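Enquirer: have a look at this prediction, sequence included:
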Amino acid sequence: MKHLAIIPGDGIGKEVIDAGMDVLDAVCEISSFDYDGELFDIGSERYLANGELLTDEDIDGLRRKDAIYFGAIGDPRVKPGILEQGILLRMRAVFDQYINLRPVTSWFPLVPLKREVPFDIHFLRENTEDFYMGAGGTFDGRRKDAHIKVKREMYELDIDLEAVSSNGDDFAFEIGLLSRGGISRFAEYAFEYAQARGEKKITLVDKANVCTHIYGMQRAVFEEKSKEYGMGLEYMYVDAMAMAMIVRPETFGTVAVPNLFGDILTDLGAQLQGGLGMGGSGNINPKGVSMFEPIHGSAPDIAGQKKANPIAAVLAAQMLLENQGYPEEGCMLKKAVRHCLDSGLTTPDLGGRLTTGEVGKAICRHILEQKK
Ligand code: NAD
Ligand code: IPM
Ligand code: MN
């Protein structure tokens with residue numbers, strides 16, 4: 001029996017998680033997989049009611065689970081960043097889910113490219129560092145004594161702000177931070193992941209021609225690890241990668257990408273497989289509590305209309321099953337998704353007429369039939 005935390009969250013998060021749980025229930029009926037799901041009330045409604053985002057009690061409760069199944073957060077009534085940082089990024093950080101696995105698969109006929117070449121890119125997005133650490137601030141440029149001081153143990157870094165803002169303008173800054181340890185574990189995971197897929201090289205995405213410090217260090221560590229693992233390493237600048245994903249997606253296998261660029265490239269990747277409603281993801285801590293979620297947000301523009309495509313959430317459930325030791329059951333979900341696409345059993349974003357719940361039920365029916 002697996003103990004799952006269920007966090008539907010906001011907007012279409014609730015709708016797609018409902019469908020995803022129907023699908024998990026169908027899997028229970030026909031396999032040895034079994035779970036109990038505890039619902040966690042985390043999201044904008046609770047925040048707006050009493051100011052709570054993610055409490056210590058929530059964290060204690062989540063820590064006791066085998067995995068977390070998460071919908072989405074985000075609400076137009078709340079200032080950008082509050083829910084995102086206070087809930088989603090906090091969970092990724094607290095549970096040290098340092099890998100964000102985001103597959104990009106050619107689900108024909110949804111691929112909007114001229115050439116019909118199959119691809120299966122597995123993005124491994126670093127999920128705890130880079131520009132996601134909240135290290136930044138805003139400054140009153142008239143203060144002559146303004147300076148940024150980053151201090152950690154023995155190291156102290158002073159930046160002379162006169163050079164940045166000599167005309168007395170107000171300004172804001174955001175620091176991207178990578179640690180050697182953070183890069184090392186990311187690289188090890190990436191090389192081991194590619195090896196397990198039978199690949200001989202990985203691609204590392206960066207902008208080492210501009211952000212020379214962080215991505216220079218990242219290259220050095222990946223270089224060392226590629227020798228250790230006897231694996232090839234190919235570099236791609238992020239701008240060229242965006243282009244190459246359109247022109248030759250089939251040439252990529254396992255792609256390691258830092259946090260911010262990974263966020264952007266995987267929305268592009270989602271569109272290559274039919275849209276945001278097709279992108280599942282896993283926030284993985286190989287030794288801890290992992291969290292599975294669609295890559296899309298709360299989609300306020302379609303929330304409450306039963307139009308949301310639940311397939312991204314179902315593919316997140318598939319990754320959860322795989323992660324928890326049920327790869328065959330995960331495979332059944334993928335087959336059921338394939339069947340729905342082939343039969344036109346889809347939501348309006350994919351040209352179909354079904355509601356979120358109806359697509360969920362169609363996936364369930366196909367899973368139940370696979371057992372017969
Ligand atoms: P979004 O992903 O919510 O929506 C972008 C567009 O894609 C919208 O037009 C939406 O209707 C469409 N879309 C998304 N998922 C869909 C689905 N399953 N089926 C059909 N169409 C779908 O991104 P946004 O509008 O930029 O952000 C809305 C809110 O969600 C913001 O508050 C943002 O911070 C938050 N957000 C949260 C997460 C998360 O919880 N993991 C991810 C991204 C954005
Ligand atoms: C995602 C989202 C999040 C991210 C936001 C909501 C913090 O866009 O999961 O892709 O940037 O990682
Ligand atoms: Mn995103």
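Expert: It's in. Ligands and ions are numbered 1, 2, ... in the order given.
Enquirer: and stretch 125-142, how far from the chain's centre?
Expert: Offset of stretch 125-142 from its chain centre (C-alpha atoms, centre = their mean, to the nearest Å): 19 Å.
Enquirer: sorry, slip of the keys, the one I care about is stretch 22-39.
Expert: On C-alpha atoms, centre = their mean, the centre of stretch 22-39 falls 23 Å from the chain's centre.
Enquirer: what does stretch 78-88 give?
Expert: Centroid separation for stretch 78-88 versus its chain: 16 Å, with C-alpha atoms, centre = their mean.
Enquirer: and the residue in the stretch 251-372 of the chain positioned nearest to ligand 1, how many neighbours?
Expert: Distances between the stretch 251-372 of the chain and ligand 1 by C-beta to the nearest ligand atom are smallest at Gly297, namely 2.3 Å. Quick note: C-beta positions are derived from backbone N, CA and C, even for glycine. As a burial measure, Gly297 scores 19 neighbours (other C-beta atoms under 10 Å).
Enquirer: what does Pro109 give?
Expert: 12.
Enquirer: interface residues of the stretch 51-200 of the chain facing ligand 1?
Expert: Residues of the stretch 51-200 of the chain lying near ligand 1 by C-beta under 6 Å from any ligand atom: Ala72, Ile73, Gly74, Glu84, Leu88.
Enquirer: just say helix, strand or coil for the third one.
Expert: So the one you mean is Gly74. Under DSSP: H, G, I helix; E, B strand; the rest coil, Gly74 falls in the coil class.
Enquirer: what distance do you get for Met91 to Ile73?
Expert: As judged by C-beta to C-beta, to the nearest Å, Met91 and Ile73 stand 10 Å apart.
Enquirer: shaky segments in the stretch 101-250 of the chain?
Expert: In the predicted model of the stretch 101-250 of the chain, residues 141, 143-167 satisfy pLDDT under 70.
Enquirer: how about the strands of it, start to end?
Expert: Ranges of strands within the stretch 101-250 of the chain are 120-126, 136-139, 147-152, 155-160, 171-174, 201-206, 232-237, based on DSSP state E, counting those that start in this stretch.
Enquirer: which strands border the first one, and is each parallel or antiparallel?
Expert: This points to strand 120-126. According to DSSP bridges, strand 120-126 forms sheet pairs with strand 99-105 (antiparallel), strand 254-257 (parallel).
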